[in-house]
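Engineer: generate coordinates for the sequence data below:
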Amino acid sequence: MDDIAREALEEMTGDSLDTYPVGRAPCAHHVVEGDNKSKVFFYMSEYLAGEVEDGREFMWLTKEEMKEVISPEVYSSINRAL
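Structural biologist: Prediction:
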């Protein structure tokens, strides 16, 4: 699964962002309620250098800013990992 997380990060940011994965296991998960209960796994990476490619939307957020941007349910799932 960590390979998929790295691929997803590169797909979202482009290949010019240099990061280092913190471990091979997810740091948190969130259960998505609905007809098909599913889990979303979160992986932590350290930013080393580089830039997100032009035209891609992103935000650098503090822990407190994240609380305002993402849903309370997801925030409660990842809070301890931040």
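Engineer: what segments of this protein are strands?
Structural biologist: 17-21, 28-32, 38-42, 45-50 (DSSP state E).
Engineer: as a quick check, tell me the outermost residue of this protein.
Structural biologist: The outermost residue of the chain relative to its centre, with distances by CA atoms, centre = their mean, is residue 35 at 24.2 Å.
Engineer: number of residues surrounding residue 57?
Structural biologist: Counted with other CB atoms under 10 Å, residues neighbouring residue 57 total 6. Quick note: C-beta positions are derived from backbone N, CA and C, even for glycine.
Engineer: residue 19: how many residues sit nearby?
Structural biologist: Residue 19 sits with 16 neighbouring residues when counted by other CB under 10 Å.
Engineer: and the residue nearest the centre of this protein?
Structural biologist: Per CA atoms, centre = their mean, the C-alpha nearest to the average position across the chain is that of residue 42, at 5.5 Å.
Engineer: so in this structure, which helix runs the longest?
Structural biologist: Counting by DSSP state H, the longest helix found in the chain is helix 2-13.
Engineer: and the residue lying closest to the residue nearest to the centre of the chain once chain neighbours are set aside, how many neighbours does it have?
Structural biologist: Among residues not flanking residue 42 along the chain, residue 28 sits closest, at 4.4 Å (CB to CB, 6 or more residues apart in numbering). The tally of other residues near residue 28 (other CB under 10 Å) stands at 16.
Engineer: pLDDT at residue 28, what is it?
Structural biologist: Among the per-residue scores, residue 28 holds a pLDDT of 95.
Engineer: leaving out chain neighbours, which residue sits closest to residue 25?
Structural biologist: residue 2 (7.5 Å).
Engineer: residue 73 now?
Structural biologist: The shortest distance from residue 73 to any non-neighbouring residue, by CB to CB, 6+ apart, is to residue 30 (7.1 Å).
Engineer: quickly list what the one you found is bridged to.
Structural biologist: With DSSP bridges as the criterion, residue 30 is bridged to residue 40.
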